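Visitor: Have a look; sequence and predicted model below, questions after that.
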Amino acid sequence: MTTLQNIVDEIDLQDEHAVAVAAAADHAVMEAISLALDQNLASFHLYDDEATIKQLIATDFPHLQGHPKLMIHHVNGPQQAAKEAVRAVFMNDASVLMKGHIPTATLMKAALNAEYGLRTGSVLSHVAAFEVEGYDRLIFVTDAGMNIEPSLQEKAQIIRNAVQVARATGVELPIVAALAAVEVVNPNMQATLDAAALTAMNKRGQITDCVVDGPLALDNAISVEAAKHKRIEGDTAGHANILLVPNIEAGNILYKSLVYFSKAKVGGIIAGAKAPIVLTSRADSAESKLYSLALAMRSANS
């Protein structure tokens, strides 16, 4: 798949996906749900104040009134909305968890609950799929939103999560670039040490279903010409599918640079839990929320 719309178009409508939305009474969230329903992508369980949701639908989305794939569940407050939405996924009534108008911390607290949460023992990490003009492939960036300063072992799991998502979109053997500021190992730069270790772990079968290369600077990870100029040889340099950032600051800057400078399209999810989690912000467009939903649905089946 070369575009995010490809992911939407390739959703198997026979899978009958269900999405649990915590605190759904929000115009931007409902706009994304409306787009998904228009394309018959999934059914939705909406957790919020029933009167508020119904009023929002009646005012802004009248075509959704009485929609057979829209189920409203009355709850009192954001904490209960998060709890019930997570519980729906835990009980397999839904295959995707989606954040509505609720603090991320509130939703994640419920998602990590020991009794009914979505823990698997794996590291949870953010995976974003970007459609960047001029590139013949989707570019996945991880982790720009969850792990602040991941350890080597956490980075290995972050790679595994991103590989699972990339493979769900049809990338059979993703190339992972472990990013740093330089292409050589420098004992004073932890990112280069981790990148080299991750590359070795991949070669020894500790990280599978992908090819890991690093340390690589961003230009040499995504540009064949830049890699040739620096005389970096091999079949991976310049061809990265997945960009592993060294820490959350680098990931956040790269993510927002792609969105605001490059005007790239994006969809993102939290991977590593029992089910994909769609964490969108109020600044995200309805289109971006739709792409995130589609990415979650693809990942839920992999």
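Guide: Thanks, I have it. Numbers count the residues shown, from 1 in each chain.
Visitor: Provide the partner residues of the closest residue to residue 50 other than its chain neighbours in its beta bridges.
Guide: Nearest residue to residue 50 in three dimensions, chain neighbours excluded: residue 74, at 3.8 Å (Cβ to Cβ, 6 or more residues apart in numbering). For every residue, glycine as well, the C-beta is placed using N, CA and C. Residue 74 has these beta-bridge partners by DSSP bridges: residue 48.
Visitor: In this structure residue 74 contacts residue 54, no?
Guide: No: under the criterion of Cβ atoms under 8 Å, residue 74 lies out of contact with residue 54, with a separation of 10.0 Å.
Visitor: for the stretch 151-300 of the chain, what spans make up the strands?
Guide: According to DSSP state E, counting those that start in this stretch, the stretch 151-300 of the chain carries its strands in the segments 175-179, 211-216, 242-244, 265-271, 277-278.
Visitor: right, and those - which one's nearest residue 32?
Guide: Proximity to residue 32, assessed across the strands of the stretch 151-300 of the chain by Cβ to Cβ, is greatest for strand 277-278 (9.1 Å).
Visitor: From the contact counts, what lies against that closest one?
Guide: Helices and strands in packing contact with strand 277-278 are listed as strand 96-99, strand 265-271, helix 286-300; criterion 3 or more Cβ pairs under 8 Å, 6 or more residues apart in numbering; DSSP states H and E.
Visitor: go with 6 Å
Guide: Counting contacts by 3 or more Cβ pairs under 6 Å, 6 or more residues apart in numbering; DSSP states H and E, the secondary-structure elements packed against strand 277-278 are helix 286-300.
Visitor: I'd like the mean pLDDT over the helix it packs on, please.
Guide: The predicted model assigns helix 286-300 a mean pLDDT of 93.
Visitor: Equivalent analysis for stretch 92-105, please.
Guide: Along stretch 92-105, the predicted local confidence has a mean pLDDT of 94.
Visitor: Residue 177: what's it in contact with?
Guide: If a contact means Cβ atoms under 6 Å, 6 or more residues apart in numbering, then residue 177 has 213, 216, 221, 240, 243 as its contacts.
Visitor: Compute the number of surrounding residues for the first one.
Guide: I take that to be residue 213. Residue 213 sits with 24 neighbouring residues when counted by other Cβ atoms under 10 Å.
Visitor: And the third one, by the same measure?
Guide: Each residue near residue 221 was counted by other Cβ under 10 Å, and the total is 30.
Visitor: Give me the nearest residue to it, chain neighbours excluded.
Guide: In space, residue 221 comes closest to residue 177 once its chain neighbours are excluded; the distance is 3.5 Å by Cβ to Cβ, 6+ apart.
Visitor: And the pLDDT at the one you found?
Guide: 97.
Visitor: what bridges to it?
Guide: Listed by DSSP bridges, the beta-bridge partners for residue 177 are residue 213, residue 243.
Visitor: Which member of the contacts of residue 177 is positioned nearest residue 40?
Guide: Taking Cβ to Cβ as the measure, residue 243 is the one of these closest to residue 40, at 33.1 Å.
Visitor: tell me the contacts of the nearest residue to residue 222 once chain neighbours are set aside?
Guide: For residue 222, the nearest residue in space outside its immediate sequence neighbours is residue 240; the separation is 5.7 Å by Cβ to Cβ, 6+ apart. Residue 240 makes contact with 175, 177, 221-222 under the criterion Cβ under 6 Å, 6+ apart.
Visitor: In JSON lines: these, plus distance to residue 275.
Guide: As requested, the contacts of residue 240 are arranged in JSON lines below (distance: Cβ to Cβ, whole Å):
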{"residue": "175", "distance to residue 275": "27"}
{"residue": "177", "distance to residue 275": "28"}
{"residue": "221", "distance to residue 275": "30"}
{"residue": "222", "distance to residue 275": "31"}
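Visitor: and which of the residues you listed is nearest residue 185?
Guide: Proximity to residue 185 was ranked across the contacts of residue 240 by Cβ to Cβ; first place goes to residue 177, at 15.2 Å.
Visitor: how close does the closest one sit to residue 164?
Guide: Counting by Cβ to Cβ, to the nearest Å, the gap between residue 177 and residue 164 amounts to 17 Å.
Visitor: likewise residue 4?
Guide: From residue 4 across to residue 164, the span is 18 Å (Cβ to Cβ).
Visitor: For the stretch 51-200 of the chain, just list every one of the helices.
Guide: For the stretch 51-200 of the chain, helices defined by DSSP state H, counting those that start in this stretch occupy the ranges 78-90, 104-111, 152-168, 190-203.
Visitor: and the first one, what does it pack onto?
Guide: The criterion is 3+ Cβ pairs under 6 Å, 6+ apart, and the helices and strands that helix 78-90 contacts are strand 17-22, strand 42-48, helix 104-111.
Visitor: which ones are touching the residue of the chain most remote from its centre?
Guide: For the chain, the C-alpha farthest from the mean C-alpha position belongs to residue 231; by Cα atoms, centre = their mean, that distance is 33.3 Å. With contacts defined as Cβ under 6 Å, 6+ apart, residue 231 is in contact with no residue.
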